[in-house]
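>>> Fold the following.
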Amino acid sequence: MSKYIASIDQGTTSTRCIIFDQDGAIQAVSQMEHEQIFPKAGWVEHNPQEIWDNTRKVCAEALAQLDLSASDIAAVGITNQRETTVVWDKNTGKAVYNAIVWQDTRTDKICQQLAGSEGPDRFKAKTGLPLATYFAGPKARWVLDNVDGAKEKAEAGDLLFGTMDTWVLWNMTGGTNGGVHATDVTNASRTLMMDLDTLDWDDDIVAEMGLPKSMLPTIVSSSEVYGKVRERGVLAGVDIAGILGDQQAATFGQVCFEPGMAKNTYGTGNFVLLNTGEEKVLSKNGLLTTVCYRIGDAKPVYALEGSIAVTGSLVQWLRDNLQLIKAAPEVEDLAKSVEDNGDVYIVPAFSGLFAPHWRSDARGAVVGLTRFAGKGHIARAALEAVAFQSKEVVDAMNADSGVDLTELKVDGGMVGNDTLMQFQADLLDVPVIRPKITETTALGAAYAAGLAVGFWKDEAELTKQWAEDKRWEPQMSDEDRTRLMAKWSKAVQRTLDWVDDE
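As a prediction, the model looks like this:
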């Protein structure tokens with residue numbers, strides 16, 4: 001019997017392959033970063049061919065670490081940066097333009113045109129989403145509008161559209177030689193084109209988006225066999241059986257299977273998801289309604305989500321652009337070199353503000369500077385900005401759901417930062433809990449794939465595997481919490497209306 005599940009985690013800054021055993025424990029990891037391309041202010045791109053090449057390399061390396069062959073792998077799961085969009089030629093297998101990343105803001109005018117007189121919530125009742133630059137549909141429309149010959153090729157049926165899960169799946173299952181063109185419900189729910197009730201493309205919205213229906217992938221569940229790996233390589237012949245967008249994958253990996261359970265992933269951005277069960281809750285407070293997961297033929301499970309564009313990437317900005325630190329982990333020591341933020345606040349609206357504000361006209365600001373402020377205060381303000389933004393989202397979630405959060409499960413690259421986690425617990429006034437396995441995104445995709453092929457029996461078996469590693473209890477007074485949030489709100493107001501129509 002095959003002993004392992006392979007999980008491909010195609011993220012914003014890197015692609016990884018992680019091998020998990022029956023206990024959900026990590027046995028091997030291989031990771032490769034890819035180039036971040038910034039052609040203009042507000043534009044963010046990736047080279048899809050580089051990402052596909054890296055995917056093949058990390059899979060080979062991860063299996064080599066354990067001296068495994070394809071026969072040792074029961075199934076492959078895929079998880080991905082969700083809204084990042086690729087348009088490619090189905091005859092050549094080549095992308096017609098770079099992948100346009102979820103953080104990219106170039107589609108602002110397209111979103112305004114689509115909103116028309118009805119405003120940004122025009123499609124929200126069906127899709128659960130506001131019209132915003134974040135989502136995939138307008139990005140594909142931009143490619144057709146701006147790449148020479150793309151529109152004609154699309155109308156002739158020669159172009160395919162997909163998020164990164166679709167791109168990886170199509171290539172792994174044969175590409176131009178019969179590749180499977182599909183996406184799961186969680187990724188489809190991030191395109192602005194899927195009806196949350198029917199779990200299918202909405203013909204009227206697709207037509208409004210200006211995309212030929214022939215470009216769109218088939219929508220499938222998050223856990224079923226989509227096809228076998230056909231490209232020549234170490235995983236040839238293995239079933240690909242799980243796909244989840246990265247934040248839904250992390251929710252699944254955190255075993256948030258019951259309504260009311262929530263997690264926050266601290267990655268390039270931050271993403272809080274609250275399981276709302278089989279009920280689709282439309283937000284009145286700036287959150288997204290999204291599909292949490294769908295296992296095979298079972299009913300879909302929905303979630304409320306608060307998406308925050310810039311958190312971990314703010315630390316990268318301190319490292320790469322300001323060169324305040326040489327490596328990301330150094331930010332904690334620098335932040336701890338001062339007693340507090342010195343009244344300095346950073347609002348990292350580099351891509352506008354996402355939840356709960358949805359203001360594409362906002363841009364980043366550092367406020368409260370005096371001669372007293374030093375780089376320690378800047379570092380501390382950067383960490384605190386992550387927690388402030390998460391607090392705003394949790395407050396919106398409490399208001400929408402009518403139930404106050406009692407604890408927050410956390411995962412992602414920043415959860416090793418004790419200073420940040422303690423400040424988060426203080427602001428939320430609830431315990432913050434880190435699991436033993438923090439690679440929950442890859443684990444969630446592995447779980448979905450494993451369930452589809454019987455590697456794991458059911459969700460109850462997965463719940464037993466979850467184990468707590470550390471928890472942070474709140475220690476801040478109500479008075480301090482209120483004062484800090486008031487200052488933060490004041491800082492946010494300073495970032496608005498920065499970008500005008502020009």
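>>> Residue 261: what's it in contact with?
Residues near residue 261 by Cβ atoms under 8 Å, 6 or more residues apart in numbering: 254, 274, 275, 409. For every residue, glycine as well, the C-beta is placed using N, CA and C.
>>> just residue 293 next, same as before
With Cβ under 8 Å, 6+ apart, residue 293 has these contacts: 185, 186, 222, 223, 244, 248, 251, 252, 300, 301, 448.
>>> The fifth one should be in a helix, yeah?
To tie it back to what came earlier, the one meant is residue 244. No - looking at residue 244 with DSSP: H, G, I helix; E, B strand; the rest coil, it is strand, so not inside a helix.
>>> So it sits against residue 448, correct?
Yes - counting by Cβ atoms under 8 Å, residue 244 touches residue 448, with 5.6 Å between them.
>>> Need the residues touching each of these two.
77, 222, 252, 293.
>>> For the second one, give me its contacts.
Applying Cβ under 8 Å, 6+ apart, we find residue 222 in contact with 184, 185, 186, 242, 243, 244, 248, 252, 293, 294, 295, 448.
>>> Report how many residues lie close to the second one.
Counted with other Cβ atoms under 10 Å, residues neighbouring residue 185 total 25.
>>> Got the phi and psi for it?
phi -60, psi -30 (degrees, to the nearest 10).
>>> Identify the residue spatially nearest to it, adjacent ones excluded.
residue 291 (4.5 Å; Cβ to Cβ, 6 or more residues apart in numbering).
>>> which SS state does the one you found fall under?
Of the three states, residue 291 takes strand under three-state DSSP.
>>> Quick one, grab the pLDDT at it.
For residue 291, the model assigns a pLDDT of 96.
>>> Same check on the one 4 residues further on?
Predicted confidence (pLDDT) for residue 295: 96.
>>> For it, give the beta-bridge partners.
Beta-bridge partners recorded for residue 295 (DSSP bridges): residue 223.
>>> how about it, what does it touch?
Listed by Cβ under 8 Å, 6+ apart, the contact set of residue 295 reads 221, 222, 223, 448, 451, 459.
>>> just the buried members of those residues?
221, 222, 223, 448, 451 (16 or more other Cβ atoms under 10 Å).
>>> mind checking how far the third one is from residue 75?
Yep, that's residue 223 we're talking about. Distance, residue 223 to residue 75, using Cβ to Cβ, to the nearest Å: 10 Å.
>>> what is in contact with these two at once?
Overlap of the contact sets of residue 223 and residue 75 (by Cβ under 8 Å, 6+ apart) consists of 241, 242, 449, 452.
>>> Arrange the residues you listed in a markdown table, one row each, with pLDDT, secondary structure and distance to residue 393 as further columns.
Listed next are those as a markdown table, based on pLDDT from 0 to 100; DSSP: H, G, I helix; E, B strand; the rest coil; distance: Cβ to Cβ, whole Å:
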| residue | pLDDT | secondary structure | distance to residue 393 |
| --- | --- | --- | --- |
| 241 | 97 | strand | 32 |
| 242 | 97 | strand | 27 |
| 449 | 97 | helix | 29 |
| 452 | 96 | helix | 31 |
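>>> From these, pick the one nearest residue 48.
Set against residue 48, the nearest of the shared contacts of residue 223 and residue 75 by Cβ to Cβ is residue 242 (21.4 Å).
>>> Output the helix or strand that contains residue 86 as CSV, restricted to C-alpha atoms.
Assigned by DSSP states H and E, residue 86 belongs to strand 85-89. The C-alpha trace of strand 85-89 is given here as CSV (Å, rounded to 0.1, in the frame of the first residue of the first chain):
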residue,chain,number,x,y,z
THR,A,85,-4.7,34.5,-13.2
VAL,A,86,-3.2,32.8,-16.3
VAL,A,87,-4.5,32.8,-19.8
TRP,A,88,-2.8,30.3,-22.2
ASP,A,89,-3.0,28.9,-25.7
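>>> about what we covered before: just the buried residues of the shared contacts of residue 223 and residue 75.
Neighbour counting by 16+ other Cβ under 10 Å classes 241, 242, 449, 452 among those as buried.
>>> Could you dump these into TSV with distance to residue 420 added?
TSV is the format used below for these (distance: Cβ to Cβ, whole Å):
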residue	distance to residue 420
241	35
242	30
449	32
452	36
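>>> between the contacts of residue 295, which is closest to residue 18?
Looking across those and measuring by Cβ to Cβ, the closest to residue 18 is residue 448, at 13.8 Å.
>>> coming back round to it: which of the contacts of residue 222 sits closest to residue 106?
Here the nearest of those to residue 106, counting by Cβ to Cβ, is residue 186; it sits at 24.4 Å.
>>> part of a helix, is the closest one?
Yes - assessed with three-state DSSP, residue 186 lies in a helix.
>>> What is the burial count for it?
Around residue 186 there are 31 other residues, counting by other Cβ under 10 Å.
>>> I'd guessed it sits against residue 245; true?
Yes - with contact defined as Cβ under 8 Å, residue 186 reaches residue 245; the gap is 4.3 Å.
>>> Next, show the common contact partners of those two.
Going by Cβ under 8 Å, 6+ apart, residues that sit against residue 186 and also against residue 245 are residue 82.
>>> neighbours around residue 32, how many?
16.
>>> now residue 117
Neighbourhood size, residue 117 [other Cβ under 10 Å]: 5.
>>> what's near enough to touch it?
Contacts of residue 117 by Cβ under 8 Å, 6+ apart: none found.
>>> can you pull out the helices in the stretch 151-300 of the chain?
With DSSP state H, counting those that start in this stretch as the criterion, the stretch 151-300 of the chain has helices at 164-172, 185-188, 203-209, 246-253.
>>> what's the longest one in contact with?
The contact list for helix 164-172 (Cβ under 8 Å, 6+ apart) reads 8, 10, 48, 51-52, 55, 76, 78-81, 84, 86, 88, 93, 99, 160, 162, 179-184, 187, 217, 226-227, 229-231, 235, 240, 243, 245.
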